[in-house]
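S.K.: Here is a sequence together with a model predicted from it:
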Amino acid sequence: MIIECIDENTFRTSGRGSIFTLTRRGEGWRVVVENASTRAWRTLGNAQDFGSLVEVERRYKTLRGISPLIAAQFNSMQ
């Protein structure tokens, strides 16, 4: 799995036929999932807000292990 850093607050990856976009929003995170259905209907995808990355990783198998990567990204920017 490849996790692409779009900017300091946005990360993207794909898996299981879906594209996941993770965005930092204030003190929490938003995950937007684009799958075959959202692409066919040309909608923006399903967005869900989370209070922490632990919650994100618990909900989405594809995003498990992203916490250390984001922490490393944040530390390298300082």
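M.R.: Right, received. Where do you want to start?
S.K.: Grab the most central residue of the protein for me.
M.R.: Using C-alpha atoms, centre = their mean, the residue of the chain that lies closest to the mean C-alpha position is residue 22, 2.4 Å off.
S.K.: Helix or strand for it, just tell me which one.
M.R.: In this assignment (DSSP states H and E), residue 22 forms part of strand 18-25.
S.K.: that older thread, now the residue nearest to the centre of the chain, which residues is it bridged with?
M.R.: Legend: beta-bridge partners of residue 22 under DSSP bridges are residue 11, residue 31.
S.K.: Also residue 50?
M.R.: On the basis of DSSP bridges, residue 50 takes part in beta bridges with residue 29.
S.K.: who touches it in this structure?
M.R.: Taking C-beta atoms under 8 Å, 6 or more residues apart in numbering as the definition of contact, the neighbours of residue 50 are 28-31, 56, 59. Quick note: C-beta positions are derived from backbone N, CA and C, even for glycine.
S.K.: what helices or strands is the top helix by length along the chain leaning on?
M.R.: Determined from DSSP state H, the single longest helix within the chain is helix 66-77. Packing partners of helix 66-77 (3 or more C-beta pairs under 8 Å, 6 or more residues apart in numbering; DSSP states H and E): strand 10-15, helix 53-59.
S.K.: Same question for that helix: list its buried residues.
M.R.: Buried residues in helix 66-77, defined by neighbour count with 16 or more other C-beta atoms under 10 Å: 66, 70.
S.K.: sorry, back to before: could you double-check that the residue nearest to the centre of the chain sits in contact with residue 47?
M.R.: No. Under the criterion of C-beta atoms under 8 Å, residue 22 lies out of contact with residue 47, with a separation of 11.0 Å.
S.K.: Identify the contacts common to the two.
M.R.: 30-31.
S.K.: before we move on, back to that, and the angle for the longest helix of the chain with strand 18-25?
M.R.: In terms of direction (axes from the mean of the first three to the mean of the last three C-alpha atoms, to 10 degrees), helix 66-77 departs from strand 18-25 by 50 degrees.
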